[in-house]
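**Q** 3D, please:
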Amino acid sequence: MKKIILLLSALTLAQMVQAKTIELPADTVLWRPSDLPGYQLTLQKCSTCHSAHYAEYQPPNTGVGYWNAQVLRMKNVFKAPITDEEVPVIVDYLNKTYGANRK
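**A** Next up is the predicted model:
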């Protein structure tokens with residue numbers, strides 16, 4: 001009898017934890033195109049985790065230090081696939097495209 005109860009409990013639990021699928025809406029905010037080398041890197045490295053929404057919603061008066069801190073945070077805390085050499089290139093793009101030094 002205990003085996004039957006355990007089996008029924010296991011089957012009930014398996015039904016409760018079935019995988020669910022969700023469909024996310026299309027991302028309509030794209031990274032701002034640029035001739036800066038950091039644009040292509042941003043498309044390759046940053047888009048793997050989030051859209052351009054993140055950059056668009058940052059304060060417009062941000063400077064190099066702010067963007068550097070954000071890119072390092074993504075690299076070190078969230079393990080974004082960014083090399084040390086790529087950090088200043090991405091920062092330059094973000095600063096000149098979304099920050100106080102935008103062109």
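**Q** going forward, measure contacts and count neighbours with C-alpha atoms only.
**A** OK.
**Q** list the buried residues of stretch 77-92.
**A** The neighbour-count check on stretch 77-92 (16 or more other CA atoms under 10 Å) flags 80, 82, 86, 87, 88, 89, 90, 91, 92 as buried.
**Q** any low-confidence regions in this protein?
**A** The chain contains residues with pLDDT under 70 at 1-19, 24-25.
**Q** now with 90?
**A** Scanning the chain for pLDDT under 90 picks out 1-29, 48-49, 51, 54, 60, 100-103.
**Q** what are the ranges of the helices in it?
**A** In the chain, the helices defined using DSSP state H lie at 2-16, 37-41, 53-56, 64-76, 87-98.
**Q** quick one on the thing from earlier: okay if I get the buried residues of stretch 77-92 as CSV plus distance to residue 53?
**A** As requested, these are arranged in CSV below (distance: CA to CA, whole Å):
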residue, distance to residue 53
80, 17
82, 19
86, 21
87, 20
88, 21
89, 20
90, 16
91, 16
92, 18
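**Q** any idea which of these is closest to residue 57?
**A** Residue 57 has its nearest neighbour among the buried residues of stretch 77-92 in residue 91, at 16.0 Å by CA to CA.
**Q** tell me how many other residues surround residue 98.
**A** For residue 98, the tally of surrounding residues (other CA atoms under 10 Å) stands at 23.
**Q** thought it was touching residue 56?
**A** Yes: assessed by CA atoms under 8 Å, residue 98 is found in contact with residue 56 at 6.8 Å.
**Q** buried ones in stretch 36-51?
**A** Under the neighbour-count criterion of 16+ other CA under 10 Å, stretch 36-51 has 38, 39, 40, 41, 42, 43, 45, 46, 51 buried.
**Q** leaving out the residues flanking it, which one is nearest to residue 59?
**A** In space, and not counting its chain neighbours, residue 59 is closest to residue 99: 7.5 Å by CA to CA, 6 or more residues apart in numbering.
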